[in-house]
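Undergrad: okay, predicted coordinates and the sequence, questions at the end:
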Amino acid sequence: MERTSNLQHSPLQTSASGWINGLIGVVIFSGSLPATRVAVLEFDPVFLTVARATIAALLALGLLWLFKEKRPARHQLMSLTIVALGVVIGFPLLTALALQYVTSAHSIVFVGLLPLATAAFGVLRGGERPRAAFWIFSVLGSLLVVGYALSQGLTASPQGDILMLLAILACGLGYAEGATLSRTLGGWQVICWALVLSLPVVAALTWLRMPSSLSGISTPAWFSLGYVSLFSMLIGFVFWYRGLAQGGIAAVGQLQLLQPFFGLTLAATLLHEQVSAGMLGVTVAVILCVAGAKKFAK
């Protein structure tokens with residue numbers, strides 16, 4: 001696997017490649033919340049979080065050994081810790097807890113806030129400076145998402161909505177930090193080292209939180225655990241961090257506005273959850289903000 005920092009392409013080619021890699025990552029991530037929703041019906045949320053991280057970390061360890069990757073420098077360990085806390089532990093655990101209170105279709109709408117969070121942390125941690133118009137489109141997309149959530153009545157499940165908001169903040173920080181680090185460490189190397197760094201903790205917790213019996217777990221639940229472990233926790237990040245590093249954190253991060261559309265489609269087709277006209281309308285409106293944000297991202 002080639003490191004992001006070693007790419008020798010023109011800026012235009014690199015930007016286009018970044019958007020392609022980012023889109024692949026978003027498509028993969030779109031199945032995360034529906035799969036988590038299925039899994040959390042039969043698995044304890046904490047066990048699900050640490051089990052998926054343990055499986056992905058063991059695979060990551062194998063990849064690093066296979067390609068004989070050098071260990072990260074000491075000054076990179078803090079950034080890797082932030083990535084681990086944000087996307088290996090924080091986002092999976094908080095969303096798993098939230099999905100005990102809300103449907104995956106409802107939680108997916110909150111993903112519309114992720115581009116704004118990622119862009120904000122990109123400014124703080126990545127040194128990016130998008131133009132003023134970028135923030136207008138990004139904030140508009142986020143307001144549409146929040147407005148929809150308010151219209152549905154947050155009092156119906158305040159726990160679920162608060163947990164989802166915290167999950168978005170954790171994920172945005174992890175995305176921005178990982179993208180910044182991938183410029184020097186490499187896209188797939190970042191997520192692999194973050195997973196390996198967390199392995200001792202998540203492996204121990206997996207053992208401690210292991211259910212007394214796994215005989216009653218259904219095939220869909222096992223399949224969902226496999227998906228969030230292999231695709232959501234590892235493969236998706238290989239494309240996503242590479243895309244963010246190539247095309248810019250704020251710019252490519254706006255592709256996450258497409259994630260609700262893909263996620264709602266999966267929720268409706270696979271889980272047979274109701275997708276209202278209002279939910280679809282918000283999703284379409286948010287998607288339209290991508291073009292405007294992309295134009296003024298740099």
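TA: On my side now, so go ahead.
Undergrad: leaving out chain neighbours, which residue sits closest to Ile82?
TA: Excluding the flanking residues, the one nearest Ile82 by CB to CB, 6 or more residues apart in numbering is Glu177, at 4.5 Å. From N, CA and C alone the C-beta is placed, and that goes for glycine too.
Undergrad: same check on Ile235?
TA: Ile28 (6.2 Å).
Undergrad: next, count neighbours for the one you found.
TA: Applying other CB atoms under 10 Å, we find 22 residues neighbouring Ile28.
Undergrad: same check, this time on Arg129
TA: Arg129: 10 surrounding residues under other CB under 10 Å.
Undergrad: I figured it was touching Val123, is that so?
TA: Yes - under the criterion of CB atoms under 8 Å, Arg129 lies in contact with Val123, with a separation of 6.8 Å.
Undergrad: quick one on the thing from earlier: next SSE downstream of whichever strand or helix holds the residue nearest to Ile82?
TA: Assigned by DSSP states H and E, Glu177 belongs to helix 158-185. Toward the C-terminus, helix 158-185 is succeeded by helix 187-208 as the next helix or strand (DSSP H and E).
Undergrad: let's see the next helix or strand after that next one as CSV, backbone CA atoms only.
TA: Using DSSP H and E, the helix or strand that follows helix 187-208 in sequence is helix 219-227. Extracted C-alpha coordinates of helix 219-227, given in CSV (Å, rounded to 0.1, in the frame of the first residue of the first chain):
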residue,chain,number,x,y,z
THR,A,219,-27.2,-14.5,11.9
PRO,A,220,-28.2,-10.8,11.0
ALA,A,221,-26.6,-9.7,14.3
TRP,A,222,-23.4,-11.6,13.6
PHE,A,223,-23.3,-10.2,10.1
SER,A,224,-23.8,-6.7,11.4
LEU,A,225,-20.9,-7.2,13.9
GLY,A,226,-18.8,-8.3,11.0
TYR,A,227,-19.7,-5.3,8.9
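Undergrad: can you list contacts of helix 219-227?
TA: Outside of helix 219-227, the residues within contact range by CB atoms under 8 Å, 6 or more residues apart in numbering are 31-32, 35-36, 38-39, 41-43, 48, 51-52, 55.
Undergrad: and it, how far out from the chain's middle?
TA: Remark: helix 219-227 is offset 18 Å from the chain centroid, using CA atoms, centre = their mean, to the nearest Å.
Undergrad: on that earlier part again, return the set of buried residues in the helix holding Glu177.
TA: Judged by neighbour count using 16 or more other CB atoms under 10 Å, the buried positions of helix 158-185 are 160-161, 163-185.
Undergrad: can you check stretch 185-205 too?
TA: In stretch 185-205, counting by 16+ other CB under 10 Å, buried: 185-199, 201-203, 205.
Undergrad: re the thing from before, residues contacting the residue nearest to Ile82?
TA: Counting by CB under 8 Å, 6+ apart, Glu177 has contacts 79, 82-83, 86, 121, 125.
Undergrad: again, but for Ala194
TA: By CB under 8 Å, 6+ apart, Ala194 lies in contact with 80, 83-84, 87-88, 178.
Undergrad: tell me the pLDDT at it?
TA: We note a pLDDT of 97 for Ala194 in this prediction.
Undergrad: quick one: it and Ser229, what's the gap?
TA: Separation of Ala194 from Ser229 (CB to CB, to the nearest Å) stands at 15 Å.
Undergrad: pLDDT score for the closest residue to Leu244 other than its chain neighbours?
TA: For Leu244, ignoring the flanking residues on the chain, the nearest one in space by CB to CB, 6+ apart is Ala179 at 3.5 Å. Ala179 carries a pLDDT value of 92.
Undergrad: ok, Gly248 next?
TA: You'll see Gly248 listed with a pLDDT of 88.
Undergrad: ok, Leu154 next?
TA: Per-residue pLDDT puts Leu154 at 54.
Undergrad: where along the stretch 51-200 of the chain do the strands fall?
TA: Taking DSSP state E, counting those that start in this stretch, the stretch 51-200 of the chain contains no strands at all.
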